[in-house]
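Student: quick one, structure for this:
(2 chains)
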Amino acid sequence: MEPNTGKITSLRVEHITKRFPGVLACSDISLSVGEGEVLALVGENGAGKTTLMNILMGLYRPDEGRILINGEETVFRSPGDAFAAGLGMVHQQYMLVANMTVLENIALGYTRAWSPLALDLDMVRARIDEISRKYGLAVDPDAYVWQLSVGEQQRVELVKTLCLGARFLILDEPTSALTPQETDELILLLRKMTRELSIIFISHKLQEVKNLSDKVVILRRGEVVFEGSTADHSSDDIAALMTGREIHLPRNEAPECEGKPALDIRGLKVRSDRGFLAVDGLDLSVCAGEIVGLAGVSGNGQRELAEAINGLREVEEGEILFFGRNIADHSPRDVIDAGMGYIPEERNTEGIVPSFSMKENFILKDAGSPRFSARSFLKLEEIDRNADRLRTEFDIRSPDTDAAAGSLSGGNIQKVILAREISRMPRFLVAVYPTRGLDMGAAEFIHRRLLEKRMEGIGILLISEELEEILDLSDRIAVIFKGRIIGTLDRRTADSRKIGILMAGVRNDEAV
Amino acid sequence: MDFTVNILALGIPFSVALLLASLGEMFNQRAGVFNLGCEGIMAMGAFLGMLVPYGAGHGAPVPGTFNVLGLLLAMAVGALLGLLFGLAVVTFRAPQGIAGIGLQMFGVGTAGTLFRHFVGGTQSVPGIDRLPIPVLSDIPFIGPVLFSHNPLVYLTFLLVPAAWYILFRTPWGLRVRASGANPRAADSVGIRVNLVRFQALAVGGALAGLAGAYLSLCQVKMFSDEIIAGRGFIAVALVYFGHWRPLKITGGALLFSFAQALQLAIQGQGIDFPYEFAVMLPYALVIVVLAFSRESLLLGPTALGKPFNREMRT
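Tutor: As a prediction, the model looks like this:
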């Protein structure tokens, strides 16, 4: 079939419903986008945004409802059909093959360059060149995807989607992994692109929604709860509609604390899985009763730092002084017993054992302690009591404490981890991306708990990519770049611009 | 000098069965499917390969076409077994390791049973003769080592660059690699991942079948229950050893086969060396080499062994 290359002047979705086992992901959703329009689709996690987009892209089949393009009903049986119709999506997790070059990744979908026995890579190269120039998107076709930064990978995704003939773009949380500067660039770029095409973008960052979109559709629990023009509504209105209540993220306004250093890292060097020095001579100290926010684009050594502190990764060089005692290269058990609490990056694979019940996950670190076991037997009643208490205290929503932890939603899993770590009365807490991917309600809860702990005199190292989170919670902000602290800012003088410049590796703020 | 020539001239034909099977396994794994049943497909190939010329001549020489028909039958049934395996692990998403062991037992057992039913006792076949290449085979050293083998040896070594070209320079190769490295990404650009996996399994099965038939028609020239002798598993190990790259896999197959030839030569020459250790040599070598070849796995099929289900939520 010869692909249609005309403009898409209207896209309508009517009465779409999609059920997953036990979940109504989309319920009777309708929306429409006109020529050159930008529609923002917002909602909390699990509101059905991504499911709806996957239906538009032919990845899922809707149980009910229909899709109309330029007024004509269209049925997508596979992603191929959606392409043929001119829809292109940039997924939140980039759909790129890491061990192929940019050129090969684009050739993968560019069937015009295919013949049975040969692949016309020059034709693909010419196409990339054409698109790069038309939209001002520069990419290096011969780089391997794994060598590229997240921002570059996103550009490759955009180029790929356009090369494959997209005339309508769907962007799923396009800025979630970008620095503030990269975000601004992307928004400018997308604005320019609306001359040629229309865009649906999914986000829960309200600032972007305000900056970029013409229309906004808010989803809650699979239903459209609001549809209207962006200009007429403030960010707060949209936030309230999104969660169904007013949300006020708490801020750290407590006076500066003057505790002794709880954690003092000196000249730390740690290797990554690929063998290079991911943490390369890092110095950082956190006092008791202080929150230090560690900002930085992910992949600059945050994971390795957190793992080294918690005894999960070998230390090449340097010291980790925990209340004066060097815990570098001690076993995780030693570090835990020294009073370290840890909220790891991967909540599903590192934070919990997904197939264990919630109550079992609560005692993962204490199964051998006299509180929960005696003479090699578990004290089941005490475990139940502990679980019931934590479930109520941390407002974890599940039918009971026997539910498999892996079956809970992301926010509830994070609450399970937080409950376990906090209830162990740690002397210090390392929290890595504690609210990544969570909706505002859950994030608010976790922020409040972290601030409470700070007031109780516990030092917290907060590793995050969300600048708002860092600015709201931290006493001091350290920025990590290529395994070193490139700069430290006080919360009174820090703003997202300054942090963003440091995150990009530019040290001398004054020069900019 | 003669000793070296002997080992090399013996090692190269030894490597063919391993090479064919592991190139096939490489396509399977590149597409994301781990086929531990290679050994079973080889056993079926070995039996069917010799059955055709044996049925025609009962051990007496037969026209060459029967040998070719035997090879083709082995490949066809090999491809079919590959597809059957695909039905289990791609369509029904059975765990690949377990299904592979099942296929191995099924293949080896069925081949042995059919052999006893149709052929009976040990029977040798004339098989496929060597075809020394005129002129080239007379060159000292190189001639006997490289140019005095049977036709399948030459074909197999031509297959190595062909496999490389297919994998890295054709659209099908690109689809195979994408399906094994990131099936979601492949799916999102309209590639039918499971179809590609079936295709790769058919190719891999055909090559494994051919590898088996090579053993019964060219190398051993008879069939027995133990004819494959673990070569299918060695082939799987070689794919890891070779990091899913045809040239490195060839290197591994040759290394193993030369070690095998060396151990036979040691025994044959009556050198005073405990033969138990000599027999162990090639296998010990594989273990040692595998232990030291943990290079970046990022370059291989990262979704190896994982069934693809588009509507699975991650």
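
Student: quick one: neighbours of residue 309, just the number.
Tutor: No chain in the question, so chain A it is. The number of residues packed near A:I309 is 25, by other CB atoms under 10 Å in any protein chain shown. C-betas here are computed from N, CA, C, even on glycine.

Student: right idea, wrong chain: chain B
Tutor: Look at B:N309: counted by other CB under 10 Å, it has 12 neighbours.

Student: tally up the residues packed near the closest residue to it other than its chain neighbours, please.
Tutor: The spatially closest residue to B:N309, leaving aside those adjacent along the chain, is B:R93, at 6.8 Å (CB to CB, 6 or more residues apart in numbering or on different chains). Neighbours of B:R93 under the rule other CB under 10 Å: 15.

Student: per-residue pLDDT of B:R93, please?
Tutor: The score at B:R93 is 93. That number is its pLDDT.

Student: how far does stretch A:389-401 stretch from start to finish?
Tutor: End-to-end distance for stretch A:389-401, by CA to CA, to the nearest Å: 10 Å.

Student: which SSE is residue 157 in?
Tutor: All of this refers to chain A. In this assignment (DSSP states H and E), A:E157 forms part of helix A:150-163.

Student: that was the other one, I meant chain B.
Tutor: Secondary-structure element containing B:F157, defined by DSSP H and E: helix B:151-169.

Student: wondering if the helix or strand following that helix reaches chain A at all.
Tutor: Downstream of helix B:151-169, the next assigned helix or strand under DSSP H and E is helix B:171-181. Yes. In terms of CB under 8 Å from any CB of the partner chain, part of helix B:171-181 sits within range of chain A, namely B:P171, B:W172, B:L174, B:R175, B:R177, B:A178, B:A181.

Student: can you check which helix is longest in chain B?
Tutor: Secondary structure assigned by DSSP state H gives helix B:2-30 as the longest helix of chain B.

Student: which other helices and strands contact the helix-or-strand element of chain A with minimal mean pLDDT?
Tutor: Within chain A, no helix or strand scores below helix A:235-243, which has a mean of 75 by mean pLDDT, DSSP states H and E. Judged by 3 or more CB pairs under 8 Å, 6 or more residues apart in numbering or on different chains; DSSP states H and E, the packing partners of helix A:235-243 are strand A:38-43, helix A:206-212, strand A:215-220, strand A:223-229, helix A:440-455.

Student: any idea which of the ones you listed is most buried?
Tutor: Counting by mean count of other CB atoms under 10 Å in any protein chain shown, strand A:38-43 has the highest mean neighbour count of the helices and strands packed on helix A:235-243, with a mean of 25.

Student: so which residues make contact with that strand?
Tutor: By CB atoms under 8 Å, 6 or more residues apart in numbering or on different chains, the surrounding residues in contact with strand A:38-43 are A:31, A:33, A:49, A:52-53, A:190, A:194, A:198-204, A:206, A:208-209, A:212-220, A:230, A:238, A:242.

Student: sheet partners, orientation included, of it?
Tutor: On the basis of DSSP bridges, the sheet neighbours of strand A:38-43 come out as strand A:198-203 (parallel), strand A:215-220 (parallel).

Student: just how off-centre is that strand within its chain?
Tutor: 18 Å (CA atoms, centre = their mean, to the nearest Å).

Student: show me where pLDDT drops low in the stretch 151-300 of chain A?
Tutor: A:243-249, A:253-259 (pLDDT under 70).

Student: for chain B, what are the nearby residues on it?
Tutor: A:K160, A:L164, A:R274.

Student: isn't the second one right up against A:M89?
Tutor: Yep, that's A:L164 we're talking about. No. The pair formed by A:L164 and A:M89 falls short of the contact definition of CB atoms under 8 Å, at 10.6 Å.

Student: and for the two, which residues touch both?
Tutor: Going by CB under 8 Å, 6+ apart, no residue sits against A:L164 while also sitting against A:M89.

Student: the more surrounded of these two?
Tutor: With neighbours defined as other CB under 10 Å, A:L164 and A:M89 compare such that A:M89 has more, 25 against 21.

Student: which helix or which strand is home to the more buried one?
Tutor: Element membership for A:M89 (DSSP H and E) is strand A:87-90.

Student: now do A:A431
Tutor: Assessed by DSSP H and E, A:A431 sits inside strand A:428-432.

Student: domain parsing of chain A, as residue ranges.
Tutor: A:10-243, A:249-339+A:426-512, A:354-420 (automatic domain parsing).

Student: tell me which of those domains sits nearest to B:L195.
Tutor: Across those, the minimum distance to B:L195, taken as CB to CB, is reached by domain A:10-243, at 11.0 Å.

Student: wouldn't A:L119 be in contact with A:Y110 here?
Tutor: No. Between A:L119 and A:Y110 there is no contact, the gap being 9.5 Å when judged by CB under 8 Å.

Student: got the buried residues for stretch A:21-37?
Tutor: A:A25, A:C26, A:S27, A:I29, A:L31, A:V33, A:E37 (16 or more other CB atoms under 10 Å in any protein chain shown).

Student: dump those to JSON lines, plus secondary structure and distance to B:Y165.
Tutor: Supplementary listing: those in JSON lines, determined by DSSP: H, G, I helix; E, B strand; the rest coil; distance: CB to CB, whole Å:
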{"residue": "A:A25", "secondary structure": "strand", "distance to B:Y165": "44"}
{"residue": "A:C26", "secondary structure": "strand", "distance to B:Y165": "46"}
{"residue": "A:S27", "secondary structure": "strand", "distance to B:Y165": "51"}
{"residue": "A:I29", "secondary structure": "strand", "distance to B:Y165": "48"}
{"residue": "A:L31", "secondary structure": "strand", "distance to B:Y165": "48"}
{"residue": "A:V33", "secondary structure": "strand", "distance to B:Y165": "45"}
{"residue": "A:E37", "secondary structure": "coil", "distance to B:Y165": "47"}
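
Student: for those residues, which one is nearest chain B?
Tutor: Minimum distance to chain B across those is 9.1 Å, recorded for A:A25 (CB to the nearest CB).

Student: hang on, the earlier thing: nearest to B:V52, out of the strands paired with strand A:38-43?
Tutor: Comparing the strands paired with strand A:38-43 against B:V52 with CB to CB, the closest turns out to be strand A:198-203 (60.7 Å).

Student: gap between the closest one and the chain center?
Tutor: Put simply, strand A:198-203 sits 17 Å off its chain's centre (CA atoms, centre = their mean).

Student: how about the residue of the stretch 1-150 of chain B found nearest chain A, what does it touch?
Tutor: Each residue of the stretch 1-150 of chain B has a distance to chain A, by CB to the nearest CB, and the smallest belongs to B:R30, at 11.0 Å. Residues touching B:R30, when contacts are defined by CB under 8 Å, 6+ apart, comprise B:L167, B:V176, B:R177, B:G180, B:A200, B:W244, B:P301.

Student: where does the chain have low pLDDT?
Tutor: Since no chain was named, I'll use chain A. Along chain A, the parts satisfying pLDDT under 70 run over A:1-5, A:22, A:45-46, A:243-249, A:253-259, A:508-512.

Student: wait, chain B
Tutor: Applying pLDDT under 70 to the predicted model, the residue ranges of chain B that meet it are B:1, B:293-299, B:311-314.

Student: ranges for the helices of it?
Tutor: For chain B, applying DSSP H gives helices covering B:2-30, B:38-57, B:64-86, B:96-118, B:142-146, B:151-169, B:171-181, B:183-188, B:193-214, B:231-241, B:246-268, B:275-291.

Student: who wins for proximity to A:V416 among those helices?
Tutor: When those are compared for distance to A:V416 using CB to CB, the nearest one is helix B:183-188, at 27.8 Å.

Student: contacts for that closest one?
Tutor: With CB under 8 Å, 6+ apart as the test, helix B:183-188 has contacts from A:57, A:59, A:79, A:89, A:91, A:93-97, A:105, A:108, B:32, B:175, B:178-179, B:193, B:196, B:303, B:306, B:308, B:310.
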